[in-house]
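Asker: Dropping the sequence and predicted coords here.
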Amino acid sequence: MPASPALEKRLAAYYASRFGVPASVFAELSLQSKKEEIWATTGRPLPGIRSARPAGLRVGRDFPQGFKPTSAFLCALGSHIVRGRVCIGSEHLEPLLLGRRIPWDSGDDGYVALDYAGDILGCGRIHRGRLHVLIPTGRRRELLEILRVRS
């Protein structure tokens, strides 16, 4: 089901305030909502084709306490993210990908885009001075394998 104009505005405002993403990025997207999930695509649904889930990329989830961004969408936004970007050094990357929480004194709790060597790896969260990753397990395994091959 197409997202309501109010939801579209709230979502664009969230990504603008949290990550500095310009509203123009959302103007190019067609947003769909299903329960708490929000999906984006640059195309229109094909007539007569029905699917259990919307086409495109999941942008986030709309919970009563606020939006939760997805790792995939943060990766797709890449260079549009100019705020809420946490640069991770090589000493922190492996422990984070292994699921450990590390001390992180940023003074700002909330969702962040995890940046390693200029690339967005996915979503993280700072809570009570600790950083942890919210990257799906399969993707974390892939990233760990890449680290091991490179070292």
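Answerer: Right, received. Where do you want to start?
Asker: Could you chop this structure up by domain?
Answerer: Using automatic domain parsing, the domain parsing of the chain gives 5-78, 84-150.
Asker: can you give me the mean pLDDT across the last one?
Answerer: Mean per-residue pLDDT for domain 84-150: 93.
Asker: and what of the longest one?
Answerer: Looking at domain 5-78 alone, the average pLDDT works out to 86.
Asker: Okay, now it: how far is its last residue from its first?
Answerer: One end of domain 5-78 to the other measures 25 Å (C-alpha to C-alpha, to the nearest Å).
Asker: Distance from it to the middle of the chain?
Answerer: 10 Å (C-alpha atoms, centre = their mean, to the nearest Å).
Asker: Could the C-alpha coordinates of stretch 123-132 be exported in PDB?
Answerer: Output of stretch 123-132 as PDB, limited to C-alpha atoms (Å, rounded to 0.1, in the frame of the first residue of the first chain):
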ATOM      1  CA  CYS A 123      23.300   0.600  10.900                       C
ATOM      2  CA  GLY A 124      24.600   0.900  14.400                       C
ATOM      3  CA  ARG A 125      23.200   2.200  17.600                       C
ATOM      4  CA  ILE A 126      24.800   4.200  20.500                       C
ATOM      5  CA  HIS A 127      23.000   3.600  23.800                       C
ATOM      6  CA  ARG A 128      24.300   4.700  27.200                       C
ATOM      7  CA  GLY A 129      27.800   5.200  25.900                       C
ATOM      8  CA  ARG A 130      28.200   1.900  24.100                       C
ATOM      9  CA  LEU A 131      28.200   1.300  20.300                       C
ATOM     10  CA  HIS A 132      26.900  -1.900  18.700                       C
END
